[in-house]
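Visitor: I'll drop the sequence and a predicted model, then ask my questions.
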Protein chains: 4
Amino acid sequence: MRIVMKFGGTSVGSTDAIRQVVEIVGNLARHHQVILVVSAMNAPDLRTTNSLIEAAHAAAAGDSSVAASIIPRLLNLHMRVAAELATPEERHTLEVQLGAMLDYVGDLSRSIAVLGELTPRALDQISGQGERCNARLIAATLRSAGVAAESVDATELIITDERYGDATPLMDETRQHSQARLLPLLEQHHVPVVTGFIGATRDGITTTLGRGGSDYSCAILGAALDADEVWFWKEVDGVLTSDPRVVPEARTLPALSYTEMAELSYYGANVLHPRTVYPLVQRNIPVCIRNTFNPEHPGTRISADEPPGTVKAVTAIRDASLITVGGPGMQGLRGVAARIFSAVARAGTNTLLITQASSEQNICLAVLRHEAVAAVAELRQELAHDLSYHDVEHIGVIEPVVIVAVVGSGMRGTPGIAGRVFDALGQSTINVIAIAQGSTENNISLVVSEQEGDAAVRAIHRAFIV
Amino acid sequence: MRIVMKFGGTSVGSTDAIRQVVEIVGNLARHHQVILVVSAMNAPDLRTTNSLIEAAHAAAAGDSSVAASIIPRLLNLHMRVAAELATPEERHTLEVQLGAMLDYVGDLSRSIAVLGELTPRALDQISGQGERCNARLIAATLRSAGVAAESVDATELIITDERYGDATPLMDETRQHSQARLLPLLEQHHVPVVTGFIGATRDGITTTLGRGGSDYSCAILGAALDADEVWFWKEVDGVLTSDPRVVPEARTLPALSYTEMAELSYYGANVLHPRTVYPLVQRNIPVCIRNTFNPEHPGTRISADEPPGTVKAVTAIRDASLITVGGPGMQGLRGVAARIFSAVARAGTNTLLITQASSEQNICLAVLRHEAVAAVAELRQELAHDLSYHDVEHIGVIEPVVIVAVVGSGMRGTPGIAGRVFDALGQSTINVIAIAQGSTENNISLVVSEQEGDAAVRAIHRAFIV
Amino acid sequence: MRIVMKFGGTSVGSTDAIRQVVEIVGNLARHHQVILVVSAMNAPDLRTTNSLIEAAHAAAAGDSSVAASIIPRLLNLHMRVAAELATPEERHTLEVQLGAMLDYVGDLSRSIAVLGELTPRALDQISGQGERCNARLIAATLRSAGVAAESVDATELIITDERYGDATPLMDETRQHSQARLLPLLEQHHVPVVTGFIGATRDGITTTLGRGGSDYSCAILGAALDADEVWFWKEVDGVLTSDPRVVPEARTLPALSYTEMAELSYYGANVLHPRTVYPLVQRNIPVCIRNTFNPEHPGTRISADEPPGTVKAVTAIRDASLITVGGPGMQGLRGVAARIFSAVARAGTNTLLITQASSEQNICLAVLRHEAVAAVAELRQELAHDLSYHDVEHIGVIEPVVIVAVVGSGMRGTPGIAGRVFDALGQSTINVIAIAQGSTENNISLVVSEQEGDAAVRAIHRAFIV
Amino acid sequence: MRIVMKFGGTSVGSTDAIRQVVEIVGNLARHHQVILVVSAMNAPDLRTTNSLIEAAHAAAAGDSSVAASIIPRLLNLHMRVAAELATPEERHTLEVQLGAMLDYVGDLSRSIAVLGELTPRALDQISGQGERCNARLIAATLRSAGVAAESVDATELIITDERYGDATPLMDETRQHSQARLLPLLEQHHVPVVTGFIGATRDGITTTLGRGGSDYSCAILGAALDADEVWFWKEVDGVLTSDPRVVPEARTLPALSYTEMAELSYYGANVLHPRTVYPLVQRNIPVCIRNTFNPEHPGTRISADEPPGTVKAVTAIRDASLITVGGPGMQGLRGVAARIFSAVARAGTNTLLITQASSEQNICLAVLRHEAVAAVAELRQELAHDLSYHDVEHIGVIEPVVIVAVVGSGMRGTPGIAGRVFDALGQSTINVIAIAQGSTENNISLVVSEQEGDAAVRAIHRAFIV
């Protein structure tokens, strides 16, 4: 089995964590082709990428001393791990390699300080160095543990456009480069340790990827290499049925469909953004979420298959506002929906939920509370004429509200689910302010007042998930 | 009590019907100030306004014989009623008046035929003559029955802009003219019989009103005269809880709030369009719907008050399509909702229901089935780029579907209603495809497949309305 | 030779004039194929088209008595001529025909009065009746004089679009209809007498032509029938070398090229607008201007050939203003010329002369004096920003000025002409304010102060034209 | 008298030249307040600014060796002069100062090489160093010759916006800073030696000026310091009446008006662009052009006064094309001029001359020959519709042509000048293709064929200028 896997920042943030990584990879590499994608090291006291970005900004303001002080600390951070996990020979080579990389950071920082400005391109050169260092460190520790491993810069694999800071991969070229560079390694049973977060233009200039960095790198490589599975190692066992702080009996889901994952992507850090894993969804490659610190746990497997059960999870978006635009003249006022959503888009607001019942007299939209004022201001301006002519009678806001999403693709075509959901709420005497269920039928979203939010989540969780 | 009331076309479509009108008005006028607004006569075999419009179009094509043949038939239609209900003196005067009016129709028709074109202005001059004739007939029959009555042309009362065929009243001037002309009559206990449908520009040129003709005239005059109530005489007892062809136990509602009426306005002919009665809602004037042929029945009274009860009525829009736009890239694609609704507006489509659940990955919109093809075509064009880049993955259509609307302002703030609605559906194993409930909480709309539509309406009706 | 010829309004405005027309046509028709295009009669006391238009406007205001009084006067106007020039039989037929046409005017007028509005289409129906009457009258007088003639409505020949009041001919269809209808008549040696000014849509509805009415009709038919020549009979001997009120020795030019005529078209009523005769220029059909009241005079022949001589004529446009936009920042201010001329176009101003010398610091443009204020206002608004930033320093106006145009295609490639022109002015100590000569080299335009305008014209005329 | 003066690049390009400068300034400074503005040194074998820019571009491509090799050469260039003209003490100090400046160039170059990109801001930092070095060198040589002098960076004086590479001065702040910094020096009889070409943002970041660099700096400071005169030292005696290669008898003009200079600004390198000296024209400060290598010659003085004489100079723009747009439909085609000039502006073309004679049928515009193809292509596209409808009949080009400009403000109001101009041409049998004279009457521009260009210039020069 060919597995592309990625360890997040804290999974590679300490000697213990990396020892764990080495053990996991060592075991897997015996039976599988393993490609490792690594982030920069995030130690509790030193977050590599953040400190590099900070140094770059300080340099732009003329102060290259921040870089000067960060460089030995970063070297030390990596070498401390190497001291425990790498052989003396590896340590020696590593020290030279990391020294050169960090010297380059110093050069960049001094150059930025001399010129007094920080361009997006310059920032990409600096901010991607953490991944480069870490890939070399992990490869060295793997080799020291007897695992044939080789660090590879993603600049050799992932070809992107030239939008520095938010680059998009050119998939055909990336596929070609990745296979040419990595397949020979895999055939020799070597483990490539690839830098996350970065790519390069056709001219070879380093870029950084938008859409969530290293996770995206891992998905790109999974797709480019036709992986059998792609694993994301996190600090949790997998995707939960609900937030355990609200629902103590929440538990890990063994399996999810892609669409369920997408529906859940708003909830918590443990779910992957659907845009991130889109290259995998397209090629139907299963995704696993597993726990670095509990590798025995099977985690959550996400694939095109729809696992049994109806409601899978209950999530909530807090601190939301419900904006209502309505009035007798709305009905038959052609184009008003377009104008409402144009106004909201101009305000730069994300719309979390929309609902317009059949009378056409009211359109409700939920937004994050801190974005509501700007959205309402734009709406008032857009509809000023209609408000004065009474075609639109009011623009109102209900807040704070919570959007509760009941997710599960098994709900589709199963009569009675909505009844059970609303029964559960009714029995808890929770008032439902707005409801939206789209035709995918794998998500019923409902809006309740903030003080009833937790109770609503718990009531529904209890009704469906034992 | 000052009551502005309107009898619809079939309520004034036969001798028997007009006898009924005379009796009703005669009784009411003893105790109340009554202002009558009348449509043109709609006899089963001769629909006045339609035949006038037909004559106008024939004239534009050069054939003024249609008018020539319609004129004696229209005169006869009115005089036949007069023969039974008017005194000989009234009959004589009426014949002269109606003769002059219909001669004018002949003149107009011949002029149009000579010039070979029919302008909106010319059409308004012809199409409003039916109301003029009928107002004089009704006034004559009232007087013949001993009720002091006087026909008044609305061109003296309702001042409009110059959009022939779809004129909008200028309310301040209309109020001034209406009070100056009608209050003296009311003080003398006379019943003004006012022509519906028409108004006049400031220069006195006849216009016809948009927004539903005579009903709108009635609402305008109700507001302009500060009526205590405005009554619409129809051929039914009032607003029903559901369509009796689907739900045999459907019954007449004694009272409704304005907002409930607005929610119901999509259902059946017996409910007034909220734009039509907007002048009354603004001034908080109650509206009654009563049965010309069952005047003892108290009908349905519609006002700002919210009558007791939770769910008032269950309605359905048939022949609908549910359009879904979705895909992983939709999430975070700023402005996509605005673009979707702009495309739909360009297609000239009315959106009956909108729903987007919290994942932001799908927007569903229901439209009338015959408008779906055009809407989808516009959507495909608008989103072509995004579809090719997989930001948007699909534009799908589910059809035929039925939108069931559960209406009642008592639902607001009453927990458990949604539960009962969906329970009722679940027990009938009806699958709910999409749900929308806006924050006014007086309407839960849900989409079901066409074959389950009637069952859904019945199930909910039985659950709530005894 | 096939000759399409047109007699203007005053050439057909009295018995004497028409007798003249009959004689001319009679003589020509013996040896040539003659097609006559006639305007409506313009008697000194009754201008037919104007009085019809006046009657139409009066009708729109509800007064059809104007038409009622004009109709017998128009009938009388035509029949008075017929009394002297037509046989009794022709008179009788004519009276019936003209009676019917004028009755139709009465019908139209009454219809407009009934409907109370005058549409462009209705105006075209009325305003084209004068040509119809006159074509019949002229045909009758010709026949009475023994010339086989037949009146033909141009509605059978000239097919146009539906822009009532300013219709454009559809040349292919017009050519087809004209040849099909007229060639058989010509073969029988008949003289078709065609109505000027009007055409008809494909549906046969009468339209009136833009671009100068009957002259345009004549040019269209000349082109459609592949005429050998097209003659315009006027009240002058031909095109003059200058305005005889200014230059007593001005004389008639025997020949002109099309381009010279175009250059002269701004001067006086006797020259045809180049757009009017464009169908003839395209087909290289010579145009003659001849004098109805002096038919022996050969007139001026206008063709593609360039007649000998250098300067042909000296003309002047009086009451002009010279607008100057300038300043140091203009040089290198990209797009400023486009902005200047956009502003002038927005003001609806015709630009008579433009000049910008090589320094790029000043653009001068001459306009009619009554249009200067609006043009300057638009320029000030357009350039407000540049004026405040001193990129443009001033917008000035010199007025009143006269634009003197020295015209002659023989100037092209003949060195020394400009020297003689400016020498002549210098010797008369006339100051030249601005000069423009374009690369066609058949026109030197110069701007002088109003009080020096006549002297400038005379000085140049004397220098070149004996 | 307070004189701001500037020596151009070759005036400060060698030991001999700088010795000359020192002598001139030394003499003037005895009796006047002198402010010196200096460019970077332009030695025949080493052009400072160009070599700095070249080094910057090489650095961006990763090669910092170009800078490394240029730095000692630049140091040597300046120190060689110092070796002859500066005292040992001054030399020593200078070497330190210049060393630091050129080290900074090295730093910048290396930083650009490290980052691999050259921003406009970085280019401005490098390209302005030449002026800094030279100001210090000149100040040192002046002091060594006993003239109290002090170098001042214009970054302390001229405050600009942030458009790097093409900055615009903020005049109020510049005036304030310049007076505060320089007036005290002038009161102590010191000569400030100010760097040309550069300024600084409010934050103190170096910018370079658009609009002709050091000349503009000199004009800005002249205006900011209320100079009595501003002198530009060049390598010629002043402005000539014509190009001496064409007209051997051409001679230097003792005086010119601002407007005459503006008209002449297209001709040759010795005339200042009107935008450059605009700050001086605004404040009515006379400008002198004098010869560094012939300081006894009084040069040409340019002021608001109009010196006697009619025609002052005859200039020519070679390699031009005359584009003609014309056709019968142009007349009355509203907005066509705006469309023509918009098209030309879109093509990025400068219009050197425009002429449209009174018939409105042709618009001629002259452009540089290498820009004609693009302009004609844009015109064809813009007018495609009109060309196909024959409203516009042709877009033609005559080339190569020469635009001859006859300049002199004394021409205004003097009759007979144009006659003499065109007589002179006629006697030489030169054909004039187009003429434009604007209302300022200080420029008659005419277009002749290329082979007649020189003859035309000579003929006119001989006719007016002895």
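Guide: All right, it came through fine.

Visitor: buried sites along stretch A:311-326?
Guide: Within stretch A:311-326, the residues that qualify as buried are A:311-317, A:320-326, counting by 16 or more other C-beta atoms under 10 Å in any protein chain shown. (C-beta placed from N, C-alpha, C; glycine too.)

Visitor: Redo those residues as CSV? Include distance to chain B, pLDDT and secondary structure.
Guide: CSV is the format used below for the buried residues of stretch A:311-326 (distance: C-beta to the nearest C-beta, whole Å; pLDDT from 0 to 100; DSSP: H, G, I helix; E, B strand; the rest coil):
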residue, distance to chain B, pLDDT, secondary structure
A:V311, 14, 89, coil
A:K312, 13, 90, coil
A:A313, 12, 90, strand
A:V314, 12, 92, strand
A:T315, 8, 89, strand
A:A316, 9, 90, strand
A:I317, 6, 88, strand
A:A320, 9, 92, strand
A:S321, 11, 94, strand
A:L322, 5, 93, strand
A:I323, 9, 93, strand
A:T324, 5, 89, strand
A:V325, 10, 89, strand
A:G326, 7, 82, strand
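
Visitor: farthest pair in these?
Guide: Farthest apart among the buried residues of stretch A:311-326 by C-beta to C-beta are A:K312 and A:G326. That separation is 34.2 Å.

Visitor: quick one, the longest helix seen in chain A and helix D:88-115 angle?
Guide: Secondary structure of chain A per DSSP state H: the longest helix is helix A:88-115. Relative orientation of helix A:88-115 versus helix D:88-115 (axes from the mean of the first three to the mean of the last three C-alpha atoms, to 10 degrees): 120 degrees.

Visitor: tell me which residues of helix A:88-115 are tucked away?
Guide: For helix A:88-115, by 16+ other C-beta under 10 Å, it's A:90-91, A:93-94, A:97-98, A:101-102, A:104-115.

Visitor: Same question for stretch A:148-159.
Guide: Buried-residue list, stretch A:148-159, by 16+ other C-beta under 10 Å: A:149-159.

Visitor: same question, stretch A:291-308
Guide: Residues A:291-292, A:295, A:299-303, A:306-307 are the ones in stretch A:291-308 that count as buried (16+ other C-beta under 10 Å).

Visitor: and of those residues, the nearest to D:R462?
Guide: Nearest to D:R462 among the buried residues of stretch A:291-308, with distances taken as C-beta to C-beta, is A:I302, at 93.0 Å.

Visitor: And that closest one, its phi and psi?
Guide: phi -120, psi 120 (degrees, to the nearest 10).

Visitor: Let me know the pLDDT of it.
Guide: We have a pLDDT of 93 for A:I302.

Visitor: Show me the contact partners of stretch A:67-76.
Guide: Around stretch A:67-76, the neighbours that count as contacts under C-beta atoms under 8 Å, 6 or more residues apart in numbering or on different chains are A:46, A:48, A:51-52, A:54-56, A:58-59, A:95, A:98-99, A:102-103, A:105-106, A:108-110, A:130, A:133.

Visitor: Where does the stretch 201-350 of chain A get nearest to chain D, residue-wise?
Guide: As assessed by C-beta to the nearest C-beta, chain D sits closest to A:I205 within the stretch 201-350 of chain A, at 6.9 Å.

Visitor: So what's the residue count around that residue?
Guide: 17 (other C-beta atoms under 10 Å in any protein chain shown).

Visitor: Let's have the buried residues of stretch A:311-326 in a markdown table, adding distance to chain D.
Guide: Listed next are the buried residues of stretch A:311-326 as a markdown table, based on distance: C-beta to the nearest C-beta, whole Å:
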| residue | distance to chain D |
| --- | --- |
| A:V311 | 54 |
| A:K312 | 49 |
| A:A313 | 47 |
| A:V314 | 50 |
| A:T315 | 44 |
| A:A316 | 46 |
| A:I317 | 42 |
| A:A320 | 41 |
| A:S321 | 39 |
| A:L322 | 44 |
| A:I323 | 40 |
| A:T324 | 45 |
| A:V325 | 42 |
| A:G326 | 46 |
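
Visitor: Quick one: those as a markdown table, columns for distance to A:S217 too.
Guide: Shown next, in a markdown table, are the buried residues of stretch A:311-326 (distance: C-beta to C-beta, whole Å):
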| residue | distance to A:S217 |
| --- | --- |
| A:V311 | 33 |
| A:K312 | 28 |
| A:A313 | 27 |
| A:V314 | 32 |
| A:T315 | 27 |
| A:A316 | 31 |
| A:I317 | 28 |
| A:A320 | 32 |
| A:S321 | 36 |
| A:L322 | 38 |
| A:I323 | 38 |
| A:T324 | 42 |
| A:V325 | 42 |
| A:G326 | 46 |
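
Visitor: Give me the nearest residue to the closest residue to chain D within the stretch 101-250 of chain A, chain neighbours excluded.
Guide: Per C-beta to the nearest C-beta, A:S111 is where the stretch 101-250 of chain A lies closest to chain D, at 3.3 Å. Nearest non-adjacent residue to A:S111, counting by C-beta to C-beta, 6 or more residues apart in numbering or on different chains: D:S111, 3.3 Å away.

Visitor: In the stretch 1-150 of chain A, mark out all the strands, start to finish.
Guide: With DSSP state E, counting those that start in this stretch as the criterion, the stretch 1-150 of chain A has strands at A:2-7, A:33-38, A:42-43, A:46-47, A:149-152.

Visitor: Give me the secondary structure label for A:T429.
Guide: Here A:T429 is recorded as coil under DSSP: H, G, I helix; E, B strand; the rest coil.

Visitor: ok, the closest residue to it other than its chain neighbours to chain C distance?
Guide: Nearest non-adjacent residue to A:T429, counting by C-beta to C-beta, 6+ apart: B:P415, 4.5 Å away. B:P415 sits 62 Å away from chain C, going by C-beta to the nearest C-beta, to the nearest Å.

Visitor: How about A:T15?
Guide: 65 Å.

Visitor: per-residue confidence for that residue?
Guide: If you check A:T15, the pLDDT there is 92.
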